[in-house]
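Enquirer: Fold the following for me, if possible:
(one chain, ligands or ions: 2)
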Amino acid sequence: MIRVGVLGALGRVGVEVCKAVEAAPDMELVAALDKGDPLEGLTGAEVVVDFTHPDVVMDNLEWAISHGIHPVVGTTGFDEGRLATVRAWLGENPGTNCLIAPNFGIAAVLMMHFAQQAARYFESVEIVELHHPNKADAPSGTARRTAELVAEARAKAGAGAMPDATSTSLDGARGADVDGVHVHAVRLAGLIAHQEVLLGGDGEILTIRHDTMSRSAFTPGVLLGVRRVRELPGLTIGLEPLLDL
Ligand SMILES: NC(=O)C1=CN([C@@H]2O[C@H](COP(=O)(O)OP(=O)(O)OC[C@H]3O[C@@H](n4cnc5c(N)ncnc54)[C@H](O)[C@@H]3O)[C@@H](O)[C@H]2O)C=CC1
Ligand SMILES: O=C(O)C1=N[C@H](C(=O)O)C[C@H](O)C1
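Expert: Numbering: from 1, shown residues only. Ligands and ions are numbered 1, 2, ... in the order given. This next block holds a predicted model:
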């Protein structure tokens with residue numbers, strides 16, 4: 001049995017993760033902690049799943065890694081600086097691994113992968129992500145990662161800058177620029193998590209769209225991460241290698 005702790009256990013995703021861990025035949029939920037609970041409650045866990053908040057996730061990771069507990073992280077807000085810090089902590093604690101995935105939904109991971117594959121065939125690529133209005137970060141971790149993958153694929157293919165004649169605009173009208181890819185964030189009551197990658201070329205447009213219809217969509221990917229993190233050395237970003245992508 002894998003002994004699992006969950007941080008953010010009372011949150012929208014944390015509740016689903018706790019249910020899934022409790023239902024998994026090879027896992028035992030040994031801690032379900034939320035804001036205000038001391039991290040010492042994780043003692044005895046082998047793996048900790050974190051779905052909390054970008055403002056607190058680094059403290060959680062530092063504690064878990066220094067106590068030899070492998071984190072599986074869904075919380076967003078990671079940039080290169082934060083990832084470098086996590087790598088350094090892992091370097092100081094050999095044998096402890098960490099998986100950080102901007103999206104644990106299998107279809108969302110495929111959407112990102114397909115966008116990466118398609119990117120080099122089109123002149124223009126822009127991303128629109130749409131989320132519930134309680135989300136703390138914009139753009140979403142998924143959109144940011146998708147933009148990075150698209151930019152990487154285009155650079156590898158020697159693609160030039162995208163056409164854009166905008167010479168005057170209101171602040172924010174063209175969205176955020178992530179490695180040269182424009183990302184637009186919508187926050188709207190009624191939504192959960194959605195993304196469109198728009199790819200445009202000569203006379204045609206390809207739209208790759210993903211919709212999260214329920215937060216239970218994240219749990220198969222989280223359970224896969226929990227099962228595999230102990231054998232994935234150091235820091236793994238994204239679920240792709242666990243899906244052979
Ligand atoms: N990677 C993925 O597949 C997904 C990632 N997310 C990300 O996960 C994070 C959480 O999302 P939601 O569940 O929607 O948020 P939420 O706000 O519903 O839940 C977060 C929970 O964490 C708790 N919390 C805050 N500080 C804490 C601390 N120091 N220790 C323990 N618990 C603490 C809060 O009280 C709350 O219950 C966000 O960053 C979101 O973007 C959300 C969905 C999927
Ligand atoms: O906050 C959310 O809800 C989500 N966060 C993740 C992100 O920022 O990409 C994953 C998914 O989009 C839901």
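
Enquirer: Can you pull the phi/psi pair for Gln116?
Expert: Main-chain torsions, Gln116, degrees, to the nearest 10: phi -60, psi -40.

Enquirer: again, but for Val183
Expert: Per degrees, to the nearest 10, the backbone of Val183 is at phi -130, psi 130.

Enquirer: same deal with Gly41?
Expert: According to degrees, to the nearest 10, Gly41 has phi -60, psi -10.

Enquirer: wait, isn't it in contact with Leu33?
Expert: Yes - proximity of Gly41 to Leu33 meets the contact threshold set by Cβ atoms under 8 Å, at 5.1 Å. Backbone N, C-alpha and C define where each C-beta goes, glycine included.

Enquirer: Which neighbours do these two have in common?
Expert: Taking Cβ atoms under 8 Å, 6 or more residues apart in numbering as the criterion, Gly41 and Leu33 both touch Gly5.

Enquirer: which one of the two has more residues nearby?
Expert: It is Leu33, of Gly41 and Leu33, that has more neighbours when counted by other Cβ atoms under 10 Å, with 22 against 14.

Enquirer: What's opposite the more buried one in the beta bridge?
Expert: Legend: beta-bridge partners of Leu33 under DSSP bridges are Leu7.

Enquirer: residue contacts, it?
Expert: Counting by Cβ under 8 Å, 6+ apart, Leu33 touches 5-7, 9, 39, 41-42.

Enquirer: Just the closest of the residues you listed to ligand 1, please.
Expert: Nearest to ligand 1 out of the contacts of Leu33 is Leu7 (Cβ to the nearest ligand atom; 4.4 Å).

Enquirer: Give me the number of neighbouring residues for that closest one.
Expert: So Leu7, with other Cβ under 10 Å, has 32 neighbours.

Enquirer: Surely it touches Asp50?
Expert: Yes - between Leu7 and Asp50 there is a contact at 4.6 Å, judged by Cβ under 8 Å.

Enquirer: Common neighbours of these two, please.
Expert: Asn60.

Enquirer: Would you mind giving the contacts of Leu33 as a markdown table with distance to ligand 2 added?
Expert: Shown next, in a markdown table, are the contacts of Leu33 (distance: Cβ to the nearest ligand atom, whole Å):
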| residue | distance to ligand 2 |
| --- | --- |
| Gly5 | 21 |
| Val6 | 16 |
| Leu7 | 15 |
| Ala9 | 16 |
| Leu39 | 22 |
| Gly41 | 24 |
| Leu42 | 23 |
